[in-house]
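[1] sequence and predicted structure below; questions after.
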Amino acid sequence: MLTYGLYAVTARHGDEVAAMTANFLTQSAFTPPMIAVAVELDSKTHRVIEACGQFAVNVFESGQRELAGQLGRKSINKPDKFDDVPWSPGPATGAPLLKDALSWLECQVRNKIESGDHTVFVAEVVEAGVNREGIPLTMTETGFRHSG
């Protein structure tokens, strides 16, 4: 019964790129602007964020259930998640910014907290942009029961 948005959390370390669909994400401070996102310990995205200390958050648009599902699959089962997903490197972090996302945030990790089978990364928003106006995708719309 908790309401959540859905986001693509992306990271890049050298030539390695990673993405996951996340809903455990929230704003955590105004000054400086901060967010917190929980990332599964055994995910490729977790490993890449740990290696580079930065990531991007891409806001899915209403109707992008298929894209959220594609990026939400485990990398071990779907190593080619970025096939047919246009993106460009973010100006501040180089993390993938999805061209079809409504908007994006680039973030630098400032702290982390172990939380069960996840790490909560607390990060400062260092760059942000809007690709277009629209309505964000929610868990309710997709019918997903869990995203992470």
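    Great, that's in hand.

[2] the bottom helix or strand of this protein by mean pLDDT?
    Within the chain, judged by mean pLDDT, DSSP states H and E, the helix or strand with the poorest mean is helix 139-142; its value is a mean of 67.

[3] shaky segments in this protein?
    By pLDDT under 70, the weakly predicted segments of the chain are 1-2, 75-78, 139-141, 143-148.

[4] list the residues that contact the residue sitting nearest the centre point of the chain.
    Most central in the chain under CA atoms, centre = their mean is residue 9, positioned 1.2 Å from the mean C-alpha point. Residues near residue 9 by CB atoms under 8 Å, 6 or more residues apart in numbering: 19-22, 25, 37, 39, 45, 55-58. The C-beta positions use only the backbone N, C-alpha and C, and glycine is treated the same way.

[5] recalculate using a threshold of 7 Å.
    If a contact means CB atoms under 7 Å, 6 or more residues apart in numbering, then residue 9 has 20, 22, 37, 39, 45, 55, 57 as its contacts.

[6] using the three-state scheme, assign it.
    Secondary structure, DSSP: H, G, I helix; E, B strand; the rest coil: residue 9 is strand.
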